[in-house]
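Chemist: this one's sequence-less:
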């Protein structure tokens, strides 16, 4: 598990936060098991390297005050225009804690129907919120979709999650589905027909108005 070196920061003033960012450091906050919030800072480049090394849940070790603790990323704030990360909130966790996290869903394979050019694949969920004990938490959900035929779908209820991992969304929520290409074409044709009908009605209305004048 990667480790991030952080230090305590004394103030949360706008001037200090801006100074930190300009010096290549990220303002951060750490929520402790006692629900206290500690102000931290860390090198922005080191944070980027740690996050890039993680393929599943953003979980890593935090080195602070000569000690080390396990943390998970709780919140990431971004600039509205540039989309750059401006602040990160971490939550300190212990192996026996029960927490809620977003598990990424990694899809593998090509559906049979897609391979035969009978359907297209529509993805509705790329991650799923679950509740579980930290030491039983998987890095991600691995999902094989190669067996899917025409008009098939996989829902949250179809997932084989490890024992103790409880999904926090409806079992009926669709993750992926295959849409028949012919049905998709029919729907597009129907939409085009409706648009032409509306245009025709508008033209007739305009002609009627002109005649009345």
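Modeler: Cool, got the structure. What you see is a predicted model; the values in this text were computed from it and never measured. Numbering: from 1, shown residues only.
Chemist: need phi/psi at the nearest residue to residue 138 once chain neighbours are set aside.
Modeler: Excluding the flanking residues, the one nearest residue 138 by Cβ to Cβ, 6 or more residues apart in numbering is residue 162, at 5.7 Å. Every C-beta, even on glycine, is put in place using the N, C-alpha and C of the backbone. Backbone torsions of residue 162, given as degrees, to the nearest 10, read phi -60, psi 160.
Chemist: verify the stated contact: residue 162 with residue 133.
Modeler: No. Shown here, residue 162 and residue 133 do not form a contact pair, counting by Cβ atoms under 8 Å, at 10.2 Å.
Chemist: quick one: contacts for the residue nearest to residue 149 when sequence neighbours are not counted?
Modeler: With Cβ to Cβ, 6+ apart as the criterion, residue 149 has its nearest non-adjacent residue at 5.0 Å, and that residue is residue 113. Residue 113 makes contact with 119, 148, 149, 150, 152, 178, 180, according to Cβ atoms under 8 Å, 6 or more residues apart in numbering.
Chemist: isn't there a helix covering residue 113?
Modeler: Yes. Assessed with DSSP: H, G, I helix; E, B strand; the rest coil, residue 113 lies in a helix.
Chemist: domain ranges for this protein?
Modeler: With domains defined by automatic domain parsing, the chain comprises 3-93, 101-181.
Chemist: reformat those domains as TSV; add mean pLDDT.
Modeler: Below are the domains of the chain laid out as TSV (pLDDT from 0 to 100):
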stretch	mean pLDDT
domain 3-93	91
domain 101-181	92
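Chemist: can you pull out the strands in this protein?
Modeler: For the chain, applying DSSP state E gives strands covering 3-5, 7-8, 25-31, 37-43, 59-64, 67-78, 85-93, 98-108, 119-123, 127-133, 141-144, 153-155, 166-167, 174-180.
Chemist: nearest residue to the middle of the chain?
Modeler: Closest to where the C-alpha atoms of the chain average out (Cα atoms, centre = their mean) is residue 127, at 5.6 Å.
Chemist: quick check: that one touching residue 103?
Modeler: Yes. Between residue 127 and residue 103 there is a contact under Cβ under 8 Å: 6.1 Å.
Chemist: quick one on the thing from earlier: pick the most buried one from the strands of the chain.
Modeler: Across the strands of the chain, averaging neighbours per residue (mean count of other Cβ atoms under 10 Å) puts strand 25-31 on top, at a mean of 20.
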